[in-house]
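# below is the sequence, then the predicted model.
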Amino acid sequence: MVDDDPEDRMIFYEAIKELKPEIQCEMMPGGEEALQYLNSLLRLPDFLFVDINMARMDGYEFCAELGKIEKYAAIPIVIYAGVITPEIIKEFDALGARYFFVKPVTIDEIKEIILAVVNAEKKIHSEGYYRNVA
């Protein structure tokens with residue numbers, strides 16, 4: 001997950017651990033840190049949940065940079081933000097985002113979003129179980 005709000009990261013992490021404790025979930029406070037982290041990985045994450053409004057490198061810049069690197073093209077990007085408009089969907093769709101969700105306030109709502117994304121991707125790629133969420 002890429003989000004500069006520590007509380008949002010904590011709630012998201014708690015939801016992941018309640019859903020499936022064995023899921024590996026990394027929390028990055030911004031786009032720059034997330035790009036550095038991705039560059040250090042041998043196995044890429046199954047998903048990237050990305051906030052839009054972040055201080056140094058916002059979600060737009062992060063997704064644009066990600067799109068320049070071919071090996072990251074297959075990672076499903078989930079835009080997870082406080083506000084999502086049709087214009088935002090259009091802009092992020094052009095940057096490769098696959099899913100769009102307004103940030104919920106409860107852990108149960110976050111778990112529903114995570115399951116919806118996982119199930120949608122399982123339908124697309126019948127490879128089975130996802131272990132990593134970034």
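Looks like it arrived, so ask away. Numbering: from 1, shown residues only.

# the spatially most central residue of the chain sits in which helix or strand?
The chain has F49 as the residue nearest its centroid, 1.1 Å off, counting by C-alpha atoms, centre = their mean. Per DSSP states H and E: F49 is located in strand 48-50.

# just to revisit the earlier point, who does the residue nearest to the centre of the chain bridge with?
V78 (DSSP bridges).

# contacting residues around the helix of greatest length in the chain?
What stands out as the longest helix in the chain, according to DSSP state H, is helix 107-124. The contact list for helix 107-124, computed with C-beta atoms under 8 Å, 6 or more residues apart in numbering, reads 11-12, 14-16, 18-19, 46-47, 76, 78, 80, 99, 101, 104, 128, 130, 133. The way it works is simple: take the backbone N, C-alpha and C, and place the C-beta from them, glycine included.

# redo that, cut-off 10 Å
The contact list for helix 107-124 (C-beta atoms under 10 Å, 6 or more residues apart in numbering) reads 8, 11-20, 23, 25, 46-47, 49, 76, 78, 80, 98-99, 101-104, 106, 127-130, 133.

# next step: these restricted to helices.
Applying DSSP H to these, the entries found in helices are D8, I11, F12, Y13, E14, A15, I16, K17, E18, L19.

# okay but the second one is in contact with F49, surely?
No - in this structure, I11 is not within contact of F49 by C-beta atoms under 10 Å, at 11.9 Å.
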